[in-house]
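Let's see this in three dimensions:
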Amino acid sequence: MMDDRSKLLLKTLVERYIADGQPVGSRTLSKTSGLELSPATIRNVMADLEELGLIASPHTSAGRIPTARGYRVFVDTMLTVRPAQLSFEDSAIAPLQPDQPQRVIASAAHLLSNLSHFVGVVTAPRKAGVFRHIEFLRLAERRVLLILVAADGDVQNRVLFTAQDYSPSQLLEASNYLNAHYAGLTIDEVRERLQGEVDRLRVEIATLMQAAVQAGSEAASDEAAQVVVSGERNLLEVSDFGNDLGSLRKMFDLFEQKTQLMRLLDGSSRAEGVRIYIGGESGVVPIEDLSVVSAPYEVDGQVVGTLGVIGPTRMAYDRMIQIVDITARMVGQALSQK
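The predicted structure follows:
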């Protein structure tokens with residue numbers, strides 16, 4: 001447990017290090033903390049904080065810097081987020097139309113990057129998977145083209161490799177049945193109803209419909225797996241990484257692969273409000289020098305995606321929280337407009 005004096009010195013040290021990027025010594029803390037303590041007393045407190053794993057001493061300096069654990073204590077118990085001082089009224093997001101989701105998320109990632117001077121990431125909005133029309137076309141023996149038209153007019157094409165050959169009349173029959181009974185439902189709802197009705201359908205038609213439902217689910221998953229990343233090169237300008245080529249290589253691999261990013265952001269979508277991962281504590285991004293500030297965004301009251309800022313652990317968390325929170329609300333508004 002830390003007493004009030006230790007908490008104030010830790011808070012002062014973290015804020016000073018975030019602002020200056022230089023290890024903080026006892027003399028600096030004595031001048032800036034507002035406490036009338038001697039440098040010797042402050043050194044004793046710093047030794048206690050170091051023993052708790054909250055600060056560390058770089059090899060090149062007598063000063064101290066926060067550890068990931070120290071940042072976590074700071075963010076959870078000491079951070080004060082002031083009322084929003086950012087305005088997005090003139091931003092590129094506001095005028096975007098709701099029928100252009102890709103432009104909305106691309107602009108949001110760019111905006112996050114520009115405002116934070118770090119990396120902006122936004123996942124594409126997940127769709128409910130409601131289909132308006134379905135059609136099967138015979139391409140060749142045991143090859144069928146599936147055409148799915150979503151409720152918003154989006155068209156997905158998938159080639160099905162079937163176990164048997166289907167005639168054009170059989171494909172038309174399957175199309176008509178699905179359109180008559182299931183149009184307006186989500187793919188998951190179609191799957192659920194098909195399970196109860198499969199016994200009443202001819203085997204070959206039931207098999208074709210199940211293949212169509214599976215392909216529809218995969219199409220929705222492919223679309224949801226999109227993530228837009230902007231500003232990766234900003235990290236080259238961060239002094240914290242300037243001489244650490246190994247960390248830079250790991251970070252650029254992370255942004256290129258995107259799989260880990262999707263897992264991280266998917267976890268954030270299940271949380272309310274802004275979420276902060278410091279260092280490797282997410283278990284998904286194993287880079288100790290990176291922090292992620294993320295938040296879900298909603299469309300018509302439903303969480304459909306996540307966005308965030310990725311940067312060094314030495315970031316102005318109060319400002320990043322504001323940037324991420326406001327951008328999430330603006331993206332939701334842009335995509336919810338009718």
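
ok, now which ones touch the residue lying closest to Pro125 once chain neighbours are set aside?
Spatial nearest neighbour of Pro125, excluding adjacent residues (CB to CB, 6 or more residues apart in numbering): Val304 at 4.1 Å. C-beta here means a position set from N, CA and C on the backbone, and glycine is covered the same way. With contact set as CB atoms under 8 Å, 6 or more residues apart in numbering, Val304 has these partners: Pro125, Arg126, Lys127, Tyr297, Glu298, Leu335.

how close does Val304 sit to Leu208?
Val304 sits 30 Å away from Leu208, taking CB to CB, to the nearest Å as the criterion.

Kindly report the same for Val149.
Taking CB to CB, one finds Val149 at 18 Å from Leu208.

Neighbour count for the two, which is higher?
Ranked by neighbour count (other CB atoms under 10 Å), Val149 and Leu208 place Leu208 first, with 27 against 16.

Next one: the residue nearest to Pro125, what pLDDT does it get?
Predicted confidence (pLDDT) for Val304: 86.

Just to be sure, it is in a strand?
Yes. Counting by DSSP: H, G, I helix; E, B strand; the rest coil, Val304 falls inside a strand.

The most centrally placed residue in the chain is in what secondary structure piece?
For the chain, the residue nearest the mean C-alpha position is Leu265 (3.2 Å; CA atoms, centre = their mean). Using DSSP states H and E, Leu265 maps to helix 259-268.

Go through that helix and flag the buried ones.
Residues of helix 259-268 classed as buried by neighbour count (16 or more other CB atoms under 10 Å): Gln260, Leu261, Met262, Leu264, Leu265, Asp266, Gly267, Ser268.

immediately after the helix or strand encompassing Ser6, which helix or strand?
Following DSSP H and E, one finds Ser6 within helix 4-20. Using DSSP H and E, the helix or strand that directly follows helix 4-20 along the chain is helix 26-32.

What residues of that next one count as buried?
So, applying 16+ other CB under 10 Å, buried residues of helix 26-32: Ser26, Thr28, Leu29, Ser30.

same thing with stretch 245-257?
Ser247, Leu248, Met251, Leu254, Phe255.

Just the element for the closest residue to Ala212 other than its chain neighbours, please.
Nearest non-adjacent residue to Ala212, counting by CB to CB, 6+ apart: Leu146, 5.4 Å away. In this structure, Leu146 sits in strand 143-150 according to DSSP H and E.

related to what we said a few turns ago, please tell me how far the residue nearest to Pro125 sits from Glu237.
Val304 sits at a distance of 33 Å from Glu237 (criterion: CB to CB).

circling back to that earlier point, for the buried residues of helix 259-268, which one is nearest Leu201?
The shortest approach to Leu201 among the buried residues of helix 259-268 belongs to Asp266, at 35.2 Å (CB to CB).

OK, contacts around that closest one?
Thr123, Thr306.

what's the distance between it and Gly153?
Note on Asp266: its distance to Gly153, by CB to CB, is 27 Å.

Same question for stretch 172-182: list its buried residues.
Glu173, Ala174, Ser175, Tyr177, Leu178, Asn179, Tyr182.

brain fart, stretch 35-53
Applying a neighbour-count criterion of 16+ other CB under 10 Å, one finds Leu37, Ile42, Arg43, Val45, Met46, Leu49, Leu52 buried in stretch 35-53.

so when I look at Ala328, I'm seeing a helix, right?
Yes. Per three-state DSSP, Ala328 lies within a helix segment.

where do the strands sit along this protein?
55-56, 65-66, 119-123, 131-140, 143-150, 155-161, 227-230, 275-278, 290-299, 302-312 (DSSP state E).

Now tabulate those in CSV and tack on distance to Pro101.
Formatted as CSV, the strands of the chain follow (distance: least, CB to CB, whole Å):
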stretch, distance to Pro101
strand 55-56, 44
strand 65-66, 39
strand 119-123, 10
strand 131-140, 17
strand 143-150, 12
strand 155-161, 15
strand 227-230, 11
strand 275-278, 23
strand 290-299, 9
strand 302-312, 9
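
Quick check: which of those strands is nearest to Gly196?
strand 131-140 (18.9 Å).

re earlier: now the angle between strand 119-123 and the helix holding Leu265, please.
70 degrees (axes from the mean of the first three to the mean of the last three CA atoms, to 10 degrees).

The residue nearest to Ala212: what's it in contact with?
Applying CB under 8 Å, 6+ apart, the residues near Leu146 are Ile134, Glu135, Phe136, Asn157, Arg158, Val159, Leu160, Ala211, Ala212, Ala215, Gly216.

Can you give me the pLDDT of it?
pLDDT, read off for Leu146, is 89.

Give me the neighbour count for Arg319.
For Arg319, the tally of surrounding residues (other CB under 10 Å) stands at 18.

which residues does the closest residue to it other than its chain neighbours contact?
Leaving aside its sequence neighbours, Arg319 sits nearest to Ser116 (CB to CB, 6+ apart; 7.8 Å). The contact partners of Ser116, by CB under 8 Å, 6+ apart, come to Gly231, Val309, Gly311, Met315, Arg319, Met320, Ile323.
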